[in-house]
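S.K.: here you go, sequence then predicted model.
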Amino acid sequence: MKPSKIIEIALIAAVVTGIVAAILNKAESFSQLHDTPWDILLKMFLASVLWAFLLSLATHKEKDREITKIKWINTSVKLKHGFVWTALFFTMVLILGVNHQDKWVRDLHLVFTGLAILSGYLTMLTFPETRSGHMWANIGSVIGLVGFSLGFNFGLYTVSWAEVLASIPLAVFIYKTI
């Protein structure tokens, strides 16, 4: 099977698992499913996300393309860097459970969750080269980040639904670029 097909399956699995977790509403967020009988949904979601990012890192046709420069440290950031950092941060989300007994582990979980979302969105926003590509990346980011914020910060719906809304633009970005 071609890697792009596996990536598509992983993206679909992530979004569908997220929707199932949100519909079942067994916890306020995906992460709060950790160490519960529904932990499999969290692991399936994160494993699918990791597969999508790691396979994209390995096989994306433009993985070596520069997506931005950081002048003050004279560094070129390539698409593969965005994928590897996002995958690393999501790995830490998986390792550091939000229901852990130690507060520092719970706090690190939240930090890495934020970093994973931030790195995914920064990669999505810096990748496009065309005006229409930037427009769609911006629209996706607004939908994902406002959608996430309305659930996470303002409680208009569960954090699980907020996470679904945040994951869809990233899934579309990877799908459209592979």
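M.R.: Perfect, I can see it now. Numbers count the residues shown, from 1 in each chain.

S.K.: remind me, longest helix of this structure?
M.R.: Ranked by residue count and defined by DSSP state H, the top helix of the chain is helix 103-126.

S.K.: can you give me the strands in the protein?
M.R.: With DSSP state E as the criterion, the chain has strands at 66-70, 75-78.

S.K.: low-confidence ranges, the chain, go.
M.R.: Nowhere does the chain drop to pLDDT under 70.

S.K.: about what we covered before: could you redo the strands of the chain as TSV and give each row mean neighbour count and distance to L118?
M.R.: From N, CA and C alone the C-beta is placed, and that goes for glycine too. Shown next, in TSV, are these (neighbours: other C-beta atoms under 10 Å; distance: least, C-beta to C-beta, whole Å):
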stretch	mean neighbour count	distance to L118
strand 66-70	14	14
strand 75-78	13	14
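
S.K.: now render these as a markdown table, adding distance to I95.
M.R.: Below are those laid out as a markdown table (distance: least, C-beta to C-beta, whole Å):
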| stretch | distance to I95 |
| --- | --- |
| strand 66-70 | 27 |
| strand 75-78 | 25 |
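
S.K.: out of those strands, nearest to W136?
M.R.: Shortest distance between W136 and those, using C-beta to C-beta, is found for strand 66-70: 15.4 Å.

S.K.: against which helices or strands is that closest one packed?
M.R.: Other helices and strands packing on strand 66-70, by 3 or more C-beta pairs under 8 Å, 6 or more residues apart in numbering; DSSP states H and E, are strand 75-78, helix 103-126.

S.K.: partners of that strand, with directions?
M.R.: Counting by DSSP bridges, the strands paired with strand 66-70 are strand 75-78 (antiparallel).

S.K.: ok now the strand it pairs with, how far from the chain's centre?
M.R.: Distance of strand 75-78 from the chain centroid (C-alpha atoms, centre = their mean, to the nearest Å) equals 21 Å.

S.K.: before we move on, what about stretch 7-22?
M.R.: Remark: stretch 7-22 is offset 12 Å from the chain centroid, using C-alpha atoms, centre = their mean.
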